[in-house]
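Novice: Quick one: sequence and predicted model below, then my questions.
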Protein chains: 2
Amino acid sequence: MAIIESVPNFSEGRRPEVIAALAEAIQAPGVLLLDVSSDPDHNRTVITVAGEPDAVLEGLFRAVATAAQRINLFEHRGEHPRLGAADVVPLVPIEGITLEACVELAHRLGRRIGEELGLPVYLYAAAATRPERRRLPDIRRGEFEGLLETIHLPERAPDYGPARVGPAGATVVGARPFLIAYNINLRSSDVEIAKRIARQIRESSGGLPAVQAKGFLVEGLAQVSMNLLDTDATPLHVVYERVAALAAEEGVEVASSELVGLAPQRVLLQAAAHFLKLEPTTIERTIEAAMRRAKGGQSI
Amino acid sequence: MAIIESVPNFSEGRRPEVIAALAEAIQAPGVLLLDVSSDPDHNRTVITVAGEPDAVLEGLFRAVATAAQRINLFEHRGEHPRLGAADVVPLVPIEGITLEACVELAHRLGRRIGEELGLPVYLYAAAATRPERRRLPDIRRGEFEGLLETIHLPERAPDYGPARVGPAGATVVGARPFLIAYNINLRSSDVEIAKRIARQIRESSGGLPAVQAKGFLVEGLAQVSMNLLDTDATPLHVVYERVAALAAEEGVEVASSELVGLAPQRVLLQAAAHFLKLEPTTIERTIEAAMRRAKGGQSI
C-alpha cells in the first residue's frame, strides 16, 4: 500500500468559513486530515493530508475547486507571495511509492485541474517540465498581478489548462521529497560556533547534499537550524553526527536536537539502525511492518 | 477481536526443505506468517506468526507435528540449548487479550500436543505449574541428552503427555509478554570476552533488569546473545550502550548488532530519540503516528 502526503497552500488565512470549507472539501474518502495551519498575516492556510494516492488526489482536486470558487485573487492581500487561490500543491512520497511515481501523480492532478476547472497549472520541483520551473520563487516571480500581464508569453505558457488568468489565478503542482525541519542545540551560548558549523554543513557552501542551515541563538543556546530537503541524499543521523563532530572540534557538546513539525518514521528507524549498528533492512523487521505486509500479501 | 503472537523455536536451522515445511504447516487459515529466521550455527529456526487465538493454536499444533516428524534430536547439533524438535512455543498477547487468557491457551495447546502427538510437554513462564519451571534455562537444563536420563524423576514429570522421550524430544509451551531476541557481535574472536560481558549484563548475575545473556562464538566473532524480556524495564539502547562500554573496557569494538525475529517499532524509535538527544515524546511526532491518530479520530 502506497502512502503520499500533501501540504497544499491556499491564499486564505482570515475567513474561517472558507478555511473550514477547504478542510471539508479535502476530506475525500480515505484522506486523513493531519493538520490545518492558518496565518492571518500571510493570509494563507497550509493543510496537511495523507493517504493512498487516489484518495489524496481526489481530495486535493475538490479542495482546489473549492478554493477557485471561494477565493478571489483580485481582492487578496497578504505578506506571502502567491499566484493563485490554490497556490501550491506538493505531492510527497511517504511509504511504498517513489518520487518518480509522485511526478506522474502531479501530472495527473495538474491535467485534471487544467481541464475540469479551467485553471492554468505550472508543474514544479521534481515534476518541473523546464529547468527554470524547478524552484517555486522563480515560478511565482511577479505574483498573481504579474501573471495577468505575462501569461501570454511563451516562457509563461502553463503546463496544463488555458493561458488565461481569472480570479482564481494559477495553481502550481509538483512532487518533492519530504522536507524535515531539524534543529540541533549546542551546549554553548556562542552563536558564532553555530554559524560556523552551519556554513560547513550547508550544501550552498559545499557541505552536505540537500541540507540548508543557519546559526541562531535560541533561549541562550547556540542552535544550528536546518532544512533537510532529501534524507535519502543526507540522512538525519548523518547530519547529527557531522554537527556533533564539528561541535566537538570547537570543544562543545550537543545539548539536544528537535524536529519541527512531523517526520516520516523511516528517518528515525534509519537513525536507530545506524546507531545500533543494525543491518539497514532491520527497519523492515518490526511487528507493525510485518503485520502490514502479511495483511497486504496474505500470506507472505 | 483478540490477536496473539507466537514465536515457536524449532531445532532446525540448516535444511531448507524442513524449514519450508514448518512454515507451510503453521499457516492454518487465519494465521499471518510474519517472519522466518533460521540460524545455521544455532541450527535453529524462529517463526513468528500472529492472528486470532484459535487460528494460531491450530497452526502451532500442525507445525509441532511436522517438527516431530522431520527433526531427530539424536542427530541434532547446534550452539543453542534445546530439549526438542519443536523446542519452545510461547504465546504472547498483542491486542484485546490478557496474559492470563494466553495461559489458558497454553494449557489447551500443551494438552493437545501431549495427547495427540505423544510428546512430553512442559509449561513455562506465566503458564508454569511449578515455580521451578518458570524459567526456560531451568527447564532446559541438561538439554535433550540429559532429559533422556531424567524424565522418569518426579521433578521432571511433564505437565502433559507421556514421561517418555523419543527422537522429537520434549516441547515447552508457555505464555509470556513480548520478548526481543537481540545479539551484539564484537570485533573479536575471543569468546571469553562475550561470556564475561554476558555475565556482567544479565539479571541473574546482578546486571540489567529483564535481560538474559550468553556469550557465543558465531562466524568467528564473539557474540553477546540476549533476550530482552521487558524493554520498559531495560530499553534496547541501554543494553547496546552497556555492552559497547564493557567491550570498550576490554579494548574491543561492537561490529554489529541484530534483531532475531521481530521487535515492536517503538523500541527502535526510542533508541533513535536517545541517540539523537530528541525529547522522548518526539516518537509520537511521526507522520505515521499522526495518521494513526487521525484514523482513530476519523476525521479530526
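Specialist: Yep, that arrived.
Novice: what comes into contact with stretch A:98-116?
Specialist: Residues outside stretch A:98-116 that contact it (Cβ atoms under 8 Å, 6 or more residues apart in numbering or on different chains) are A:2, A:4, A:53, A:57, A:60-61, A:64-65, A:86, A:89, A:91-93, A:119-121, A:123, A:126-127, A:158-162, A:171, A:173-177. For every residue, glycine as well, the C-beta is placed using N, CA and C.
Novice: okay, and for the stretch 201-300 of chain A, where does confidence drop off?
Specialist: Where the stretch 201-300 of chain A drops to pLDDT under 70, the residues are A:296-300.
Novice: residue ranges for the strands of it, please.
Specialist: Assigned by DSSP state E, counting those that start in this stretch, the stretch 201-300 of chain A shows strands spanning A:211-218, A:221-228, A:254-260.
Novice: what does the stretch 1-150 of chain A give?
Specialist: Counting by DSSP E, counting those that start in this stretch, the stretch 1-150 of chain A has strands at residues A:3-6, A:9-10, A:32-39, A:44-51, A:86-95, A:121-125.
Novice: Could you list every helix and strand that the fourth one packs against?
Specialist: Put plainly, it is strand A:44-51. If contacts are counted by 3 or more Cβ pairs under 8 Å, 6 or more residues apart in numbering or on different chains; DSSP states H and E, strand A:44-51 sits against strand A:3-6, strand A:9-10, helix A:16-26, strand A:32-39, helix A:53-70, helix B:287-297.
Novice: ok, now with 6 Å
Specialist: helix A:16-26, strand A:32-39 (3 or more Cβ pairs under 6 Å, 6 or more residues apart in numbering or on different chains; DSSP states H and E).
Novice: wait, what's in contact with A:Asn183?
Specialist: Counting by Cβ atoms under 6 Å, 6 or more residues apart in numbering or on different chains, A:Asn183 touches A:Gln223, A:Ser225, A:Glu258.
Novice: Contact residues of chain A facing chain B?
Specialist: Along chain A, the residues adjacent to chain B under the rule Cβ under 6 Å from any Cβ of the partner chain are A:27, A:32-34, A:50, A:94, A:240, A:254, A:256-257, A:259, A:262, A:264-265, A:268-269, A:271-272, A:275-278, A:282, A:285-288, A:290, A:294, A:299-300.
Novice: are any of those buried, and which?
Specialist: A:27, A:32-34, A:50, A:94, A:240, A:254, A:257, A:259, A:262, A:264-265, A:268-269, A:271-272, A:275-278, A:282, A:285-287, A:290, A:294, A:299 (16 or more other Cβ atoms under 10 Å in any protein chain shown).
Novice: quick one on the thing from earlier: between the helices and strands packed on strand A:44-51, which one is nearest to B:Ala198?
Specialist: If you check each of these against B:Ala198 by Cβ to Cβ, strand A:32-39 wins as the nearest, at 44.9 Å.
Novice: possible to save the helices and strands packed on strand A:44-51 as a markdown table with distance to A:Gln69 and mean pLDDT?
Specialist: Conversion of these to a markdown table gives the following (distance: least, Cβ to Cβ, whole Å; pLDDT from 0 to 100):
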| stretch | distance to A:Gln69 | mean pLDDT |
| --- | --- | --- |
| helix A:16-26 | 9 | 98 |
| strand A:32-39 | 18 | 91 |
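Novice: Just send those back as CSV, with distance to B:Ser189 too.
Specialist: Shown next, in CSV, are the helices and strands packed on strand A:44-51 (distance: least, Cβ to Cβ, whole Å):
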stretch, distance to B:Ser189
helix A:16-26, 60
strand A:32-39, 51
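Novice: coming back round to it: now the strands of the stretch 1-150 of chain A in CSV, with distance to A:Glu192?
Specialist: Below are those laid out as CSV (distance: least, Cβ to Cβ, whole Å):
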stretch, distance to A:Glu192
strand A:3-6, 37
strand A:9-10, 35
strand A:32-39, 32
strand A:44-51, 33
strand A:86-95, 35
strand A:121-125, 34
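Novice: weakest of those strands by average pLDDT?
Specialist: For the strands of the stretch 1-150 of chain A, mean pLDDT drops lowest on strand A:32-39, to a mean of 91.
Novice: coming back round to it: buried deepest among the strands of the stretch 201-300 of chain A, which one?
Specialist: Most buried of these by mean neighbour count (mean count of other Cβ atoms under 10 Å in any protein chain shown) is strand A:221-228; its value is a mean of 22.
Novice: partners of that one, with directions?
Specialist: Strand A:221-228 has these partner strands in its sheet, going by DSSP bridges: strand A:180-186 (antiparallel), strand A:211-218 (antiparallel).
Novice: the inter-axis angle of it versus strand A:254-260?
Specialist: Put simply, strand A:221-228 runs at 40 degrees to strand A:254-260, going by axes from the mean of the first three to the mean of the last three Cα atoms, to 10 degrees.
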